[in-house]
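Quick check, what structure comes out for this input:
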Amino acid sequence: MTTGKIRILVADDEKPMAHALELKLTHEGYEVVTTTNGDEALEAMEKQKFNLLLLDLVMPKKDGFAVLEELKAKGNTVPIIITTNLGQEEDKERVAKLGAKNYLIKSNTPIAEIVAEVKKVLRVS
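Numbers count the residues shown, from 1 in each chain. Below you'll find the predicted structure:
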């Protein structure tokens, strides 16, 4: 067992979605930090320690692809789950090459399933 809470960064510019994830994950016992754009997400990842990143692809300032590219370039080892409404196969392949663990379509995935995927990835990593 590790000491302290497991910390998750939620990077999503859709405030209702970010808030719903924050509430559900906090209820599950995780410590959650939310950001609303790619620059904030990168800054948070640099300044704080997280066990997992839930990353939207369509965000202001820097999109999720740019965030993934920068994190990969910096040697990031934190597992990343993509939560987006982009469903193109090319997008899925691109984020997989950049190191994302999973790709969830928000409009097709209930919050409970996202939480279940978080738990699965955290057990494996």
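
Next up, the contacts around the nearest residue to Gly38 once chain neighbours are set aside.
Sequence neighbours aside, Lys62 is the residue nearest to Gly38 in space, at 2.7 Å (criterion: Cβ to Cβ, 6 or more residues apart in numbering). (Each C-beta comes from the backbone N, C-alpha and C, glycine too.) Lys62 makes contacts with Asn37, Gly38, Asp39, Ala41, Leu42, Glu70, as judged by Cβ atoms under 8 Å, 6 or more residues apart in numbering.

Same list (these) but as TSV, adding distance to Asn76 and pLDDT.
Listed next are those as TSV, based on distance: Cβ to Cβ, whole Å; pLDDT from 0 to 100:
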residue	distance to Asn76	pLDDT
Asn37	18	97
Gly38	14	97
Asp39	16	97
Ala41	12	97
Leu42	10	97
Glu70	9	96
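
Inside helices: which ones of these?
Judged by DSSP state H, those include Gly38, Asp39, Ala41, Leu42, Glu70 as members of helices.
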